[in-house]
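J.: sequence first, predicted model second:
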Number of protein chains: 2
Amino acid sequence: MALFATSEYLERIGKTKRQMADKSIDVLLVADPANMNYLTGYDGWSFYVPQVVVVAADLEQPIWIGRGMDANGAKHTTFLAPENIIGYPDNYVQSPIRHPYNFVADVLSERGLRNRTIGLEMDAYYFTAKCLGELKKSLPQGKFKDADLLVNWVRSVKSPQEIEYMKQAGKIMEKVMQTAIDTVAPGVRECDAVAAIYQAQMSGTSKFGGDYPAIVPMMPTGEKTSTPHLTWTDDPYRNETAVNLELAACRHRYHSPLARTMYLGKKPPQKLKDTAEVVVEGLHAALDKAKPGVVCEEVELVWRETIAKVGLEKESRIGYSLGLNYPPDWGEHTASLRPGDKTVLQPNMCFHMILGMWMDDWGFECSESFRVTENGSETFANFPRKLFIKE
Amino acid sequence: MALFATSEYLERIGKTKRQMADKSIDVLLVADPANMNYLTGYDGWSFYVPQVVVVAADLEQPIWIGRGMDANGAKHTTFLAPENIIGYPDNYVQSPIRHPYNFVADVLSERGLRNRTIGLEMDAYYFTAKCLGELKKSLPQGKFKDADLLVNWVRSVKSPQEIEYMKQAGKIMEKVMQTAIDTVAPGVRECDAVAAIYQAQMSGTSKFGGDYPAIVPMMPTGEKTSTPHLTWTDDPYRNETAVNLELAACRHRYHSPLARTMYLGKKPPQKLKDTAEVVVEGLHAALDKAKPGVVCEEVELVWRETIAKVGLEKESRIGYSLGLNYPPDWGEHTASLRPGDKTVLQPNMCFHMILGMWMDDWGFECSESFRVTENGSETFANFPRKLFIKE
């Protein structure tokens, strides 16, 4: 069963082509796995080798180019005609003498596209410096333009079906966070807690299962709560210690992350309780501010003003656009909730608002994933916003 | 507790500096997260923003440069002195007007390194075309050299402590595969099977817990067994169908993957049974061939000759070097078991040998992770090599 109607893929491709025309780009090489999926449906863990989707103004369908053994994967997951699925031989893989982008260049030549203006996703994770170098070596006359984030911006406003998948992820997320809070306890090994969390992420609900999130559970404890991106160990949780939980659920590659903080013990530090209180107040204020027509930095300002009242400040951004994605990030790299970001909120833009206060040797975090509605905002998960104290 | 003695990190850095000297590289920018970990111990899911470890001939310790909020993570996981851990401000993150490599260039200038010959990991996943472009923009007089895979090759021969972690991963792997074979059954949803697999991957054994593998479980069914890199759905498994399982266990970022094929039902196709038999014969032959002094392509040749006897051939490589890694790949991108690869096997090189036969609409796969010993080879997991038939 296709996850989206073919008409939806064609609409996405149409929007992409209009953006290309605006920027005088004839051919777009899409290397970001999320963008490849968005335009064709392609879904497989094959982005560890170079692969692209080629969108051209005068081609009705995109062309998928990837490793030979993954071509059958493209046949199973995309709507593309077989002649638009092209696998390269295995001796291009991690070879000291040839590179997959030499092959991509050959395909562009065969399809009569080599002399057009070619747009490239210059800062996409898997478009390495060497990918560009080899492409230029194979197309010495090529005209290249930076088209980074072009498709990401098209992705920023979600369709009703995309929102539906994000809501399903939100439902799974509620179970995931509840599982974490039920499982994390003094004496339990961190690796056993994460095992239960993964179990909940994947089994989902009786109606819909989970997919792997683009980021693994991040759950630092004790002094390590001063930094957000540490994972877990096999130490047992200790009493009188804090635990940060930044977790996610994923449905058909659509994400709904959620962060909460726990304290294990009877004596939570006053500064932690005080910080939790004002952060949750700021979260409510910022969510209330988010609505169509408001710009991103205005949402951040409400937060900033709220915590300033108790003398706190946060240097890092408080949120970012999210949705469909692959490792290493569920964020879309477009709009951020921070000073200077003038992006105007529109209905069905989706954000992860993460209010992380990472101090010298302690921290607190609380987050919500939400969509902009016609007249406000709506979170994907419904979960209490507070410091969870487990005595 | 440090995972390795500081003396081991210093030894790795020493080997890296000798390789740099051989290639007339004064300063190496290490962007590959596995290489960053190898040289400093740094471990966090922060590679979705640019970060580097700088190794310089005349600096005793490397310099870690990453996002401000991750600097505390570097303090907790590396042996580096605080002055060698440098965080960049959050307004460099996913910004349309500045890039983290502008900041990296500034640090190189401050430390007096900008006029040296700078080695770059040109094809490392997270070193994008734009990272190079911005670095060159900030250092217009810079002298750059391709140093891709320099550290990866240093990593290819493992230390006793690294081998110990890979053996622990192998022990976890046995539990993971047994869990998969016990759980996958007609009527069970694929997402519930993968939930049990993840549970086993993370809980590990009573002595040591698991870490997240660099690749998620890949477990295509039915016709999708014709391609290796599809993940799962929430469909229930059907009777009279094949299931490929390419799974892994990970211990402190060290991997031991294993692939097996199951058939659910009473009537496995003859071609599947015949293929299983010769593939397992080829696996034994190739593992027997692997020993110090043999070159990679000779191992592949033994396999090739074995399956040729029944008229089969496999275009793709049959294995690759592996060990410490991060998403999206557990492979090291150095030695491959394939024609033309003249790498000489040495004790404590480690490989994943994966014999995947991906046909038009069916497939069979069986793999082993192994190390080269003083006089042969030794697999990390001990698990039956056969087609698993579940009636």
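T.: Arrived safely. Numbers count the residues shown, from 1 in each chain, chains lettered A, B, ... in the order given.

J.: so where is chain A shaky, pLDDT-wise?
T.: A:1 (pLDDT under 70).

J.: centroid-nearest residue for it?
T.: Closest to where the C-alpha atoms of chain A average out (Cα atoms, centre = their mean) is residue A:330, at 1.4 Å.

J.: quick one: that one from residue A:322, how far?
T.: To residue A:322, residue A:330 is 5 Å away according to Cβ to Cβ, to the nearest Å. Backbone N, C-alpha and C define where each C-beta goes, glycine included.

J.: joint contacts of the two?
T.: Counting by Cβ atoms under 8 Å, 6 or more residues apart in numbering or on different chains, the shared contacts of residue A:330 and residue A:322 are A:255, A:257, A:352.

J.: part of a strand, is the last one?
T.: The one in question is residue A:352. Yes. Remark: residue A:352 belongs to a strand, assigned using DSSP: H, G, I helix; E, B strand; the rest coil.

J.: same list (the shared contacts of residue A:330 and residue A:322) but as a markdown table, adding distance to chain B and neighbour count.
T.: Formatted as a markdown table, those follow (distance: Cβ to the nearest Cβ, whole Å; neighbours: other Cβ atoms under 10 Å in any protein chain shown):
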| residue | distance to chain B | neighbour count |
| --- | --- | --- |
| A:255 | 13 | 28 |
| A:257 | 12 | 27 |
| A:352 | 13 | 26 |
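
J.: now distance to residue A:266 too, for those, in TSV please.
T.: Formatted as TSV, those follow (distance: Cβ to Cβ, whole Å):
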residue	distance to residue A:266
A:255	35
A:257	30
A:352	32
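
J.: which residues touch residue A:5?
T.: Counting by Cβ under 8 Å, 6+ apart, residue A:5 touches residue A:161.

J.: so how far is residue A:12 from it?
T.: Distance from residue A:5 to residue A:12, by Cβ to Cβ: 11 Å.

J.: now do stretch A:129-142: everything it contacts.
T.: A:29, A:31, A:50, A:99-102, A:104-106, A:108-109, A:114-115, A:118, A:120, A:122, A:144, B:120, B:122-123, B:127-129, B:131-132, B:146, B:148.

J.: could you do stretch A:110-120 as well?
T.: By Cβ under 8 Å, 6+ apart, stretch A:110-120 touches A:20, A:23-29, A:31, A:54, A:56, A:59, A:63, A:105, A:108, A:127, A:132, A:135, A:139, A:141-148, A:150, B:129.

J.: out of these, which end up buried?
T.: The neighbour count (16 or more other Cβ atoms under 10 Å in any protein chain shown) marks A:20, A:25-29, A:31, A:54, A:56, A:59, A:63, A:105, A:108, A:127, A:132, A:135, A:139, A:142, A:144-148, A:150, B:129 as buried among the contacts of stretch A:110-120.

J.: those in strands, which ones?
T.: A:27-29, A:54, A:56, A:63, A:144-146 (DSSP state E).

J.: restrict those residues to those near chain B?
T.: residue A:146 (Cβ under 8 Å from any Cβ of the partner chain).

J.: could you pull out the strands in the stretch 51-200 of chain A for me?
T.: A:52-56, A:63-67, A:85-88, A:117-120, A:143-146 (DSSP state E, counting those that start in this stretch).

J.: of all those strands, which lies closest to residue A:249?
T.: strand A:52-56 (26.7 Å; Cβ to Cβ).

J.: who are the packing partners of that closest one?
T.: helix A:6-22, strand A:27-30, helix A:33-40, strand A:63-67, helix A:100-110 (3 or more Cβ pairs under 8 Å, 6 or more residues apart in numbering or on different chains; DSSP states H and E).

J.: and those: which comes nearest residue A:239?
T.: Comparing the helices and strands packed on strand A:52-56 by Cβ to Cβ, helix A:33-40 comes nearest, at 41.5 Å.

J.: next, the buried residues of the closest one.
T.: A:33-40.

J.: which one of those residues is nearest chain B?
T.: Checking the buried residues of helix A:33-40 against chain B by Cβ to the nearest Cβ gives residue A:33 as the nearest, at 8.8 Å.

J.: residue contacts, that closest one?
T.: By Cβ under 8 Å, 6+ apart, the neighbours of residue A:33 are A:42, A:47, A:51, A:126, A:326.

J.: state the pair within those residues that is farthest apart.
T.: Once Cβ to Cβ is applied, the contacts of residue A:33 give A:42 and A:126 as the farthest pair, at 13.3 Å.

J.: comparing those two, which residue is more hemmed in?
T.: Set side by side, residue A:42 and residue A:126 show more neighbours around residue A:42, with 26 against 21, by other Cβ atoms under 10 Å in any protein chain shown.

J.: distance of the more buried one relative to residue A:58?
T.: 22 Å.

J.: stretch A:121-128: end-to-end distance?
T.: Criterion Cα to Cα, to the nearest Å; first-to-last residue distance in stretch A:121-128 is 10 Å.

J.: distance from the chain centre to that stretch, please.
T.: 15 Å (Cα atoms, centre = their mean, to the nearest Å).

J.: can you tell me what sits against it?
T.: A:29-33, A:35, A:47, A:50, A:120, A:132, A:146-151, A:328-329, A:333, B:48, B:99, B:122-131, B:133, B:328.

J.: show me which of the contacts of residue A:33 is closest to residue B:380.
T.: Closest approach to residue B:380 among the contacts of residue A:33 (Cβ to Cβ): residue A:47, at 25.9 Å.

J.: what sits against that closest one?
T.: A:33, A:126, A:326, B:328.

J.: show me which of these is closest to residue A:338.
T.: Out of the contacts of residue A:47, the member with the shortest distance to residue A:338 (by Cβ to Cβ) is residue A:326, at 24.1 Å.

J.: count of neighbours near the closest one?
T.: Residue A:326: 23 neighbours (other Cβ under 10 Å).

J.: distance check, it against chain B.
T.: The gap separating residue A:326 from chain B is 8 Å, by Cβ to the nearest Cβ, to the nearest Å.

J.: keeping just the C-alphas, turn the longest helix seen in chain A into CSV.
T.: Scanning chain A for the helix with the most residues, using DSSP state H, yields helix A:160-183. Taking Å, rounded to 0.1, in the frame of the first residue of the first chain, the C-alpha atoms of helix A:160-183 are listed here in CSV:
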residue,chain,number,x,y,z
PRO,A,160,-3.1,16.5,5.5
GLN,A,161,-1.7,13.0,5.1
GLU,A,162,1.7,14.1,6.4
ILE,A,163,0.0,15.6,9.4
GLU,A,164,-1.9,12.4,10.0
TYR,A,165,1.4,10.5,10.2
MET,A,166,2.8,13.0,12.6
LYS,A,167,-0.3,12.7,14.8
GLN,A,168,0.2,8.9,14.8
ALA,A,169,3.8,9.5,15.8
GLY,A,170,2.5,11.7,18.6
LYS,A,171,0.2,8.9,19.9
ILE,A,172,3.2,6.5,19.9
MET,A,173,5.2,9.2,21.6
GLU,A,174,2.9,9.3,24.6
LYS,A,175,3.4,5.6,25.1
VAL,A,176,7.2,6.0,24.7
MET,A,177,7.5,8.7,27.3
GLN,A,178,5.2,6.9,29.7
THR,A,179,7.3,3.8,29.3
ALA,A,180,10.5,5.8,30.1
ILE,A,181,9.0,7.3,33.2
ASP,A,182,7.7,4.0,34.4
THR,A,183,11.0,2.2,33.7
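
J.: for it, buried residues please.
T.: A:162-163, A:165-177, A:179-181, A:183.

J.: try stretch A:333-347
T.: Neighbour counts over stretch A:333-347 (16+ other Cβ under 10 Å) mark A:333-338, A:341, A:343, A:345 as buried.
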